[in-house]
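*Asks:* Sequence and predicted structure are below.
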Amino acid sequence: MNFSSRVKDEILEVVAEAKLDASTSSEFKQFCQICLDAEEETILFNLLKVDFLDSSGISSLVTLHRRLKKAGKESAIVYENPQIEEVFIMTKLNRLFTLYQDLEEAYEELG
C-alpha cells in the first residue's frame, strides 16, 4: 500500500491509496506515527483514492483519532466513495470524525 504525506496551509495531509484493510492497516498506523510527531495541529486523512475500507481500517482510524486527540490534535477525513460513506454512517464514524467529500472544502474549513 502506498502512503504519502504533505503539509499544506499548516495541515498535515496523510494520503492512502487503493484500500485500507487487514492487509494494510498495521502499515498505515505505523506510517501515521508522523502525525503524532508533527508540529501541525490538524491532520487530514485523505481517502479519496481508497476504494475499500474494512473493520481493520476502521480500527486504525479510530486508534489514530484517539492518539491524536490525546496529543491535542484535530483530525478529519476526506473521501468520495459512496460505499465508504456507508461504512462511516453504519459505524457512526460520522460522529467521531469531521468528514468531507471535497478536498478544497476540507482545507477551507480546517485552515
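*Replies:* Looks like it came in fine. Residues are numbered from 1 along each chain as shown.
*Asks:* Which of the residues in the lowest-mean-pLDDT helix or strand in the chain are classified as buried?
*Replies:* Ranking every helix and strand in the chain by mean pLDDT, DSSP states H and E puts helix 33-37 at the bottom, with a mean of 84. Residues of helix 33-37 classed as buried by neighbour count (16 or more other C-beta atoms under 10 Å): Cys35. In this view, the C-beta of every residue, glycine as well, is placed from N, C-alpha and C.
*Asks:* Stretch 2-22 now?
*Replies:* For stretch 2-22, the neighbour count (16+ other C-beta under 10 Å) marks Phe3, Ser5, Ile11, Leu12, Glu13, Val14, Val15, Ala16, Glu17, Lys19, Leu20, Asp21 as buried.
*Asks:* Run a quick neighbour tally on Tyr79.
*Replies:* 23 (other C-beta atoms under 10 Å).
*Asks:* next structured bit after the lengthiest helix in the chain?
*Replies:* Scanning the chain for the helix with the most residues, using DSSP state H, yields helix 55-70. Proceeding N to C from helix 55-70, the next assigned helix or strand is strand 74-78, under DSSP states H and E.
*Asks:* Given that following strand, what are its sheet partners and their directions?
*Replies:* Strand 74-78 pairs in its sheet with strand 42-53 (parallel), strand 98-100 (parallel), by DSSP bridges.
*Asks:* Ile89 is nearest to which of the ones you listed?
*Replies:* With C-beta to C-beta as the criterion, Ile89 lies closest to strand 98-100 of the strands paired with strand 74-78, at 9.6 Å.
*Asks:* Throw the strands paired with strand 74-78 into CSV and include distance to Phe31, thanks.
*Replies:* CSV is the format used below for the strands paired with strand 74-78 (distance: least, C-beta to C-beta, whole Å):
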stretch, distance to Phe31
strand 42-53, 11
strand 98-100, 21
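*Asks:* from those, which stretch is densest packed?
*Replies:* Mean neighbour count (mean count of other C-beta atoms under 10 Å) peaks for strand 42-53 among these, with a mean of 21.
*Asks:* Cool, thanks, talk later.
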